[in-house]
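1. All I have is the shape, not the residue letters:
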Ligand SMILES: O=P(O)(O)OC[C@H]1O[C@H](O)[C@H](O)[C@@H](O)[C@@H]1O
């Protein structure tokens, strides 16, 4: 084993001054930003980057970093009417993408290198609390476990709330036309056409803007193109979201190059149900082949 350790970085790529941690386990490494609690890099071997980070990503002035694995919490996308009955101006994907997280614990062992981050949030909308609960600051935790063959991300909240969450992973791909995601369910909500669809199989391909919520997906998805394969294990989810903005949206996003959409697809493990207040325990594990 060449190296098992955790080090601090100030800045990553073009994101100058960004406070980050780098985890190393043998040949494998991962980088997580304390801003957003966002994994930015996962390399199972040196130079083999699995995650996509926009060349135009920003983090100053409250921006959410475009790429890596953003943490969406306690809502996903625009806050729904249940979460935001008074239609307050609330940010997309919740409150923690542009806040600083704290390091709680880190550990290197014979089998893995791990770090636990957390953030305390004390400005949750009232609508998230069960009727009989008294509002108090809430702790959201993210654990990263890097081993020789995989990276696991565990997002948890011990407070029962009407809460949604997603691990919004941006995966670097070589060839969008050859890219498939399999293991999906056969029923999805298409955010582009704003309608539910049935799919003839469990697969998504990419030939236009794609923004789909697949309901009740299983515990294992596969992402493949002609050069690479990745297994994505998930737990604690009730949906998986597949996103590629395609050309027009890519041009419209200030933090994405015009051709940015050709370089990634998002495969997101999400917990979207709001039927009852619940704790959160959402896991995504990346296993390259
Ligand atoms: O631009 P953002 O707030 O980061 O959201 C990026 C995308 O996230 C998810 O994949 C949603 O399903 C998309 O509708 C959204 O456009």
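-> In hand now; what should we look at? None of these values were measured; they are calculated from a predicted model.

2. The helix or strand harbouring residue 223 pairs with which strands?
-> In the assignment (DSSP states H and E), residue 223 maps to strand 220-224. If you go by DSSP bridges, strand 220-224 pairs up with strand 180-182 (antiparallel), strand 229-235 (antiparallel).

3. can those strands go into JSON lines with extra columns for mean pLDDT?
-> Below are the strands paired with strand 220-224 laid out as JSON lines (pLDDT from 0 to 100):
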{"stretch": "strand 180-182", "mean pLDDT": "98"}
{"stretch": "strand 229-235", "mean pLDDT": "98"}
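
4. if I look at residue 63, how far off is residue 18?
-> 11 Å (Cβ to Cβ, to the nearest Å). (C-beta placed from N, C-alpha, C; glycine too.)

5. wait, I meant residue 194
-> 36 Å.

6. Between those two, tell me which one has more neighbours.
-> residue 18 (22 against 7; other Cβ atoms under 10 Å).

7. quick one on the thing from earlier: now tabulate the strands paired with strand 220-224 in TSV and tack on mean neighbour count and distance to the ligand.
-> Shown next, in TSV, are the strands paired with strand 220-224 (neighbours: other Cβ atoms under 10 Å; distance: least, Cβ to the nearest ligand atom, whole Å):
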stretch	mean neighbour count	distance to the ligand
strand 180-182	18	13
strand 229-235	18	15
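
8. which SS state does the residue of the stretch 151-289 of the chain found nearest the ligand fall under?
-> Closest to the ligand within the stretch 151-289 of the chain is residue 243: 3.3 Å, counting by Cβ to the nearest ligand atom. What DSSP: H, G, I helix; E, B strand; the rest coil gives for residue 243 is strand.

9. confidence score at residue 135?
-> Note on residue 135: pLDDT of 96.

10. Double-check it against residue 124; I have them as touching.
-> Yes - with contact defined as Cβ atoms under 8 Å, residue 135 and residue 124 form a contacting pair (7.0 Å).

11. Those two: which is more packed in?
-> The residue with more neighbours, out of residue 135 and residue 124, is residue 124; 20 against 12, by other Cβ under 10 Å.
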